[in-house]
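[1] here is a sequence together with a model predicted from it:
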Amino acid sequence: MRLLALFIAGPALWAVLFAAVYALHGIGCAGLTGPESLGGLWRLVMAGVWIAGLGAHVALLRALPAGRGGADRWLPLTGGWIGLGASAFTLFPVLIATSC
Amino acid sequence: MRGLPSLLMLPLMLAACDGPLSALSPRGPVAAEIAWLWWAMLAGAAVLTVLVLALLAMGFGAPRPARARVWIHGMGLWFSVAVLTAVLAAGLWVGERILPRDDGAVTVHAHAWQWGWTFTHTGPDGAEVRSDNLLHIPAGQPVDVLVTAEDVIHSFWVPQLAGKLDAIPGRTNRTRIVADSPGTYAGLCAEFCGLGHARMRFNVEAHAEWPPLLAADDADTADPDREVRP
Amino acid sequence: MTDATQGAASGGPDESPARPGVQEAEELAIPRNPPRPALALHRELHRVWANDRGLWGQLTAVNHTTLGLRFMGTALVFFAIGGLLSMLIRAQLATHDGAFLDTELYNQIFTMHGSIMMFLFAIPMLEGLGIWLLPKMLGTRDMAFPRLTALGYWCYLFGGLIMLTALLFGVAPRDGWFMYTPLSDATHSPGINADVWLLGVTFVEISAMAAAVEITVTILRQRAPGMKLTEMPLFAWYMLGTSVMMLVGFPPLIAASVLLEVERAFDWPFFDVVRGGDPLLWQHLFWLFGHPEVYIIFLPAAGVLSTLIPALCRTPILGYNAIVAAVLALVFLSFGLWVHHMFTVGIPHMALAFFSAASVLVAVPTAVQVFAWIGTMWKGQPELKLPMYHILGFFLTFVMGGLTGVMLAIVPFNWQAHDTAFVTAHLHYVLIGGFVFPMMAAATWWMPLIFGKRRIKGLGEAAFWVILIGFHGTFFIMHLTGLMGMPRRIDVYPDNPEWVWLNLTSSIFGFVLTIGFAMFALDMILQATLGKRSARDPWGAPTLDWAMPVPSTSYNFASLPGPGMWARVAADVVLPLARGEGVLPGAPRGRREVLVTSVGGARPQHVALLPGNTALPLWLAASIGVFVLLMLAGAYALAGIALIPVAVLVWVWGRGLAPAGDLSPVEAAPGLRLPIHHHARPSLSQSGLFALLVADGALLASLVFGLAFLSVVTVGPVPAPAGGGGADTVTLLAVVVAAVALGVGAAGRAARRRSVAWAGVGLALNLLALALLAVVLGGLDDPTRHARDALRAVLAAYVVVHVLVAAAMSAFALDQFRRAEITAEVAGVLPAWRHWQGFTAVASALVAVAVIAQAGA
Ligand code: HEM
Ligand SMILES: [Cu+2]
Ligand SMILES: [Cu+2]
């Protein structure tokens, strides 16, 4: 059970981050944050959350216990990298894409 | 195995690609950008298919060492990430270029209903001109279409001029179409909308002069007695 | 070191020579039992595990082999029906003005083709495969909850029959398999057609939830002793991924279907723009299910490939760990792609870019698997046997389908290709390439284990070639058809002569394809009836599913494989297992016993007694069916009454879990005495409850997402200020939450002290909460007024149902005290009640916050 929990930690963090940034985007576009909704400032907020999330991924990778080697070490580590890679790859458009 | 014959058939296919609704015979820059994206992706996909199938065929030889570092890290991970990043970047690049922007483009209105289209543009006298199943646009310049729906979801699509955009009740969507030269282009409803879906066609007429002077029977100018819905 | 097997295959990219896992498995030493005559053991076990005789025996069967096969057989029948419907579609489209079907009928037919193929063929097929195969592969005798298996089957059958009957009477669903609103709402789809889909599919999905729960639990808790999670056969990893995805992925669909049905039946305007609803909410919920669904279908098929390829190449799989990681990545990533089905609805480009990126990224784990498979073939010596043909068919087809999938993930291209024949081509490349070909490989591989017969040479290969040619002939040019502008879901195209040759070609090859499938079916039938007797383990396979007689027996293993026994090629362990040298041999106590092991290291924990044959699942499914039919008929009051027998039967179901007979510990192997499950925690049921609560949480999350979506994204009329925000409602809700939360304490005390008094307190608290909730409900705004009012009412109803169940569980506990079934050792329903009460407390607090926040906003 512990192994499974460590295994999914990285991807779970991606899921949270992805949902959070997507939600922020929705809130920004809905104009709930003022008329300038997705002007520069809001994009900065989203990018900030994204970068903070990447930092959390790195912290997670460093915090993973060494384990007894073999699959016990390899799987959580891989999970951590999958999470980091996914967060970096899927959310980078926050920097470049046009929004609403 | 399959990629090769299809490559050889390419000229033949190209000839067959023409048609009033073909996304492969673009008549404007938006559709043209997407078309080259398609041809590039097709070429890449053909190469990849041949590559994978060749590797597969070679697998039937005598056993030989296969290292995870090469197959999993090299091919599975880095090679695919590289290819995918390139495709994604191209897609985003094209996407950004064809997006409607606030640059004062001519704006027309497309309203979809079961089963037909009501189009509106601003006539020479500044009044709204309405026409059923025939959209008037200027040629050679970007036109933003505001797409709305009366009843259920429809989708506005003129394949030779741009991609499609859904008409959704309660929402106003904006898409950009461009026709290089004057002429008539075919359009249709792309989202299934019930019994009349297959026949929910329309035409787009691109005019050299804008706004066009239309013969009276070409358009019915806004007439308060006439309902939008038939 | 043990022999290399698939399960303990050489490591991942880090390829460490030392495999600590195997060492630990060897640490866990279980002495062998003394050998006994295999035949005597067989008789003893068969008496206990076999189905009852005759037709009645078929109705009361709960055995996983019987039901797994029945799931797959029924799915095949639906495949044939769906295939016939596709032939009608192709006949209509063969010419530009097909007058073969009228539009109304055509719409019903393509809708039913898609719905049947997805909900009545693909999903039940993979459930059946998992149910049939997993216990055999993991070294156990049955699934964790045999009665649930049967319940799932009956729900599937009855739901499917309802939909088919509707087709026969010409009132089948006709709004496409994703049933977009407003087309599917009461205004634009009067009549019961849409209700048939919503109620029928939801009925069928009970079986998906049941299967997901028990597959999860079986994989985590019933593996052969010492079979560590990190060494189990890859198929089990794939099915674990699949079942978890089903637990999280189906609730959004169920939520959406319930909402739409309530809108149609009672005019609650969730999707009605005039009253603050939003058709896009349907699309989000549907695709939140719909995209993961594609991977739910693909993962088991990939699991089959990861099993068959190494076995057919006589070498361990390349990169076991990497494949496990790929499964993990797919499970997660596939929940972040759903918007790629909505690229044309007018979402801002940045959001599209997120989902476009996620959609191309998901190709990476797929590529990892494809290259791991090809690498395995390089490493080994592939044999071109019949299953291998279908595997090659898979590669050829699926690679192309995957590549067109990447193309469709590219936003601008999607704007052109979406909703055209290009998508139809793509989806059949992935579904037939990624699911049907692997399933055909699986069928040809496991036929000897199912029927104990060898195949008849020749026909199978011929069928393969006809299918391959028919398939690509039908669908390859359909890509072009789509790019030339042909939308999907049209029945005539009088103005487009340029599409005729394309469609005609597709139609002709479509019939070739159907002939191919018919040949394949004929081959199967001939093998089952005329084939010669097959030898045991005809493939020399490395997995436990072949370490048993062919055809397989009702109990699978006369004794369960212990450490060092599962990690060998099947041939080595067949005899010792049959002679009872493994763990828990025979059925000396005359009851169905399986071994329960720990999640990670598979250490033996206790022995679970499984229920025997019973018609209860049939009755329960039938009573749910009555409810569904009454809903369909619009007799809502009667439908409400029909829930009473359902509740009664669920109670009876629970009664069936009561301890009975000899509860003393069991000697599973010399020196290994294990308690039976009544005396042990955590039991299988407890794990099952956790799995169920995961799904329940996903359901709640879907509803809360809906409320948030309507509040933030929807641009509709702002509701009149919500009532129910008054001080009294806030207080009432606070008291409800407090009562339910105190109930958690009461349940905990009742469980710890075995205290009947605390159980009574729990019941009282739950009843109090229910009474207060009735008042709250009365104070909420009219749910037909505005979509947000309607969703608030649904959330409140969600809490009511949960508190109702909590109350029933506390009453059940009191009943168990009265019968003296709860003792110092036996906790009965108490732990389950405590967990349910805890979940209910959290859920009601969340709902209270949401309702109050809405009222304040
Ligand atoms: C027997 C071979 C098959 C043929 C010839 C076939 C043919 C077709 C055709 C012609 C369409 C309609 C396209 C349109 O509306 O324009 C269609 C739709 C569809 N098919 Fe198949 N199909 C086959 C097998 C399958 C299988 C095995 C699956 C899934 C496992 C499947 C899933 C679907 C789905 C989901 C749709 C979409 C239905 C909708 O638009 O609502 N098909 N198929
Ligand atoms: Cu339409
Ligand atoms: Cu998808």
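    Happy to help now that I have it. Ligands and ions are numbered 1, 2, ... in the order given.
[2] just for chain B, where's the confidence low?
    For chain B, the stretches flagged by pLDDT under 70 are B:1-16, B:215-230.
[3] all the strands of chain B, in order from the start?
    For chain B, the strands defined by DSSP state E occupy B:106-113, B:116-122, B:128-132, B:134-138, B:143-149, B:154-157, B:165-167, B:173-177, B:183-189, B:201-207, B:220-221.
[4] cool, chain C as well?
    Applying DSSP E to chain C gives strands spanning C:592-597, C:604-610, C:666-669, C:672-674.
[5] deepest in the core, which of those strands is it.
    Mean neighbour count (mean count of other CB atoms under 10 Å in any protein chain shown) peaks for strand C:592-597 among these, with a mean of 25. Backbone N, C-alpha and C define where each C-beta goes, glycine included.
[6] what pairs with it, parallel or antiparallel?
    Strand C:592-597 pairs in its sheet with strand C:604-610 (antiparallel), by DSSP bridges.
[7] I'd like the average pLDDT over the partner strand.
    For strand C:604-610, the mean per-residue pLDDT is 96.
[8] what residues does that strand touch?
    For strand C:604-610, contacts defined as CB atoms under 8 Å, 6 or more residues apart in numbering or on different chains pick out C:30, C:141-142, C:144, C:146, C:225, C:583-584, C:591-598, C:666, C:668, C:672, C:674-677, C:679-680, C:683-684.
[9] any chance of CSV for the strands of chain C, columns distance to C:W56?
    What follows is those, written out as CSV (distance: least, CB to CB, whole Å):
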stretch, distance to C:W56
strand C:592-597, 19
strand C:604-610, 20
strand C:666-669, 31
strand C:672-674, 34
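[10] and C:W197, which of those strands is closest to it?
    Closest approach to C:W197 among the strands of chain C is made by strand C:604-610 (35.5 Å; CB to CB).
[11] chain neighbours aside, what residue packs nearest to the residue positioned nearest the centre of chain B?
    Geometric centre of chain B, nearest residue: B:G163, 1.8 Å, by CA atoms, centre = their mean. Leaving aside its chain neighbours, B:G163 sits nearest to C:W415 (2.4 Å; criterion: CB to CB, 6 or more residues apart in numbering or on different chains).
[12] what sits against the one you found?
    By CB under 8 Å, 6+ apart, the contact set of C:W415 is B:I34, B:A162, B:G163, B:K164, B:L165, C:F343, C:T344.
[13] how does chain B divide into domains?
    Domain ranges of chain B: B:21-97, B:106-207, per automatic domain parsing.
[14] now the end-to-end length of the shortest one.
    Spelled out, it's domain B:21-97. End-to-end distance for domain B:21-97: 23 Å, by CA to CA, to the nearest Å.
[15] what is the neighbour count of C:N107?
    Neighbour count for C:N107, taken as other CB atoms under 10 Å in any protein chain shown: 24.
[16] pull up the gap between the residue nearest to the centre of chain B and C:G516, please.
    36 Å (CB to CB, to the nearest Å).
[17] what about C:M519, distance to C:I525?
    11 Å.
[18] give me every residue that touches the nearest residue to C:D545 once chain neighbours are set aside.
    Among residues not flanking C:D545 along the chain, C:K136 sits closest, at 3.9 Å (CB to CB, 6+ apart). Residues near C:K136 by CB under 8 Å, 6+ apart: C:L449, C:L544, C:D545, C:M548, C:S552, C:N556.
[19] can you tell me the closest non-neighbouring residue to the fourth one?
    Of all residues beyond its chain neighbours, the one nearest C:M548 is C:N556 (5.8 Å), with distances taken as CB to CB, 6+ apart.
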